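S.K.: For reference, the sequence and a predicted model appear below.
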Amino acid sequence: MMSSSPSSLSSIVLLSLLVFATLTIGSESQGNFYDNFDITFGGNERAKILNKGQQLTLSLDKNSGSGFRSKKEYLFGRIDMQMKLVPGNSAGTVTTFYLSSEGPNHDEIDFEFLGNVSGQPYTVHTNVFSQGKGNREQQFHLWFDPTKAFHTYSIVWNRQRIIFLVDNIPIRVFHNMESFGVPFPTNQPMRIYSSLWNADDWATQGGLVKTDWSQAPFTASYRNFKANACIWSGTQSSCASTTTDSLQDGAWQEQNLDAASRNRIRWVQSKFMVYNYCTDLKRFPRIPPECKRSRFL
């Protein structure tokens, strides 16, 4: 039997450690905004961290919006954020909560909340980018007023699928179908981003309703951030558990839809879905391959 060289053994050990790190349960406890995020634009005037780091607000006025991003990068995980959206006449505004890598061939998993005139529902816009390619939009209305109280918006991202959840109710699933030639985010670490900005050229009724600046400043609030995720450290991901309930924290790694979840997603998609790229034959005369193979994309 041929012996291995020290360099070969080192490579094998390193590869084993990387695989183990990716598959080991990972958790980060409920987050303090000071510790976990940086303000990216808008400055202290428009992005404010409150209550000793337990709450954050973003605001938009005619001069600027605001935003923040996570200090850490993640490669797979479950990300939860409680949000209370801009109340009243929010037409023209967009509040976002998403994951994104960097570069022209970036990956991205989007929640975008498109404002509307008073009394009309918000539109929840979801999308998945992989290797720079998006165009996988689905849009929903919500079954509650997202401006009256905080609600939890979650992204589960594992090797098998991406699940979008609202108050732990799944609204969308995007499965890994790389075996059918469909790109899926698997190897680019992503940061958490959020922003509040003016998009009245498209956000509300296709840009027909413009932002009413007499209502400014527009404000959205955030709290109870939590990431059970693998943290990227430049060359590898580290998933060492920091809580005692490791089985619960690691559930996201294999999370799928059980019978109850399938019933919930059917209810959401039948009652509240307002756009599905899979059925838009004007944009996609040839049905995207993933749409043919999964009912809950």
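M.R.: Perfect, thanks for sending it. Numbering: from 1, shown residues only.
S.K.: Low-confidence regions, the stretch 51-200 of the chain specifically.
M.R.: For the stretch 51-200 of the chain, applying pLDDT under 70 flags no range at all.
S.K.: now the strands for it?
M.R.: Along the stretch 51-200 of the chain, the segments classed as strands by DSSP state E, counting those that start in this stretch run 55-60, 66-70, 73-84, 93-100, 108-114, 123-129, 138-140, 151-157, 161-166, 169-175, 191-198.
S.K.: got the contact list for the closest residue to residue 107 other than its chain neighbours?
M.R.: Ranked by Cβ to Cβ, 6 or more residues apart in numbering and with sequence neighbours excluded, the top spatial neighbour of residue 107 is residue 185, at 3.7 Å. Yep, even glycine has a C-beta here, placed from its N, CA and C like the rest. Contact analysis of residue 185 by Cβ atoms under 8 Å, 6 or more residues apart in numbering lists 101, 107-109, 128-130, 157, 162.
S.K.: Point to the residue nearest the middle of this protein.
M.R.: In the chain, the C-alpha nearest the mean C-alpha coordinate belongs to residue 98, at 3.6 Å (Cα atoms, centre = their mean).
S.K.: what's around the residue nearest to it when sequence neighbours are not counted, how many residues?
M.R.: Leaving aside its sequence neighbours, residue 98 sits nearest to residue 110 (Cβ to Cβ, 6+ apart; 4.4 Å). By other Cβ atoms under 10 Å, 20 other residues sit near residue 110.
S.K.: The one 3 residues further on now?
M.R.: By the other Cβ under 10 Å criterion, the neighbourhood of residue 113 contains 25 residues.
S.K.: do the same with residue 124
M.R.: 24.
S.K.: What distance do you get for the spatially closest residue to it that is not a sequence neighbour to residue 153?
M.R.: Nearest residue to residue 124, sequence neighbours excluded (Cβ to Cβ, 6+ apart): residue 140, at 4.6 Å. Distance, residue 140 to residue 153, using Cβ to Cβ, to the nearest Å: 12 Å.
S.K.: Check residue 67 too.
M.R.: Residue 67 is 16 Å from residue 153, by Cβ to Cβ.
S.K.: Ok, residue 288 next?
M.R.: Separation of residue 288 from residue 153 (Cβ to Cβ) stands at 25 Å.
S.K.: These two - which one has more neighbours?
M.R.: Looking at residue 288 and residue 153 with other Cβ under 10 Å, you find the greater number of neighbours at residue 153, namely 21 against 17.
S.K.: ok so, going back, verify the stated contact: the residue nearest to residue 124 with residue 170.
M.R.: No - Residue 140 is not in contact with residue 170 according to Cβ atoms under 8 Å; the separation is 11.4 Å.
S.K.: overlap in contacts of the two?
M.R.: Residues touching both residue 140 and residue 170 (Cβ under 8 Å, 6+ apart) are residue 268.
S.K.: can you pull the contacts of residue 47?
M.R.: 39, 41, 56-59, 66-68.
S.K.: Would you mind putting those into TSV with neighbour count and distance to residue 264 alongside?
M.R.: Supplementary listing: the contacts of residue 47 in TSV, determined by neighbours: other Cβ atoms under 10 Å; distance: Cβ to Cβ, whole Å:
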residue	neighbour count	distance to residue 264
39	18	36
41	15	36
56	24	29
57	18	31
58	28	30
59	20	34
66	27	33
67	20	31
68	22	30
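S.K.: Export those residues to TSV and append columns for distance to residue 231.
M.R.: Below are those laid out as TSV (distance: Cβ to Cβ, whole Å):
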residue	distance to residue 231
39	21
41	24
56	21
57	26
58	24
59	30
66	25
67	21
68	18
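S.K.: Quick one: closest of the strands of the stretch 51-200 of the chain to residue 208.
M.R.: Nearest of these to residue 208, taken as Cβ to Cβ: strand 108-114 at 12.5 Å.
S.K.: by contact count, what packs against that closest one?
M.R.: Under the contact criterion of 3 or more Cβ pairs under 8 Å, 6 or more residues apart in numbering; DSSP states H and E, strand 108-114 touches strand 93-100, strand 123-129, strand 151-157.
S.K.: Parallel or antiparallel, list what pairs with the first one.
M.R.: Counting by DSSP bridges, the strands paired with strand 93-100 are strand 108-114 (antiparallel), strand 191-198 (antiparallel).
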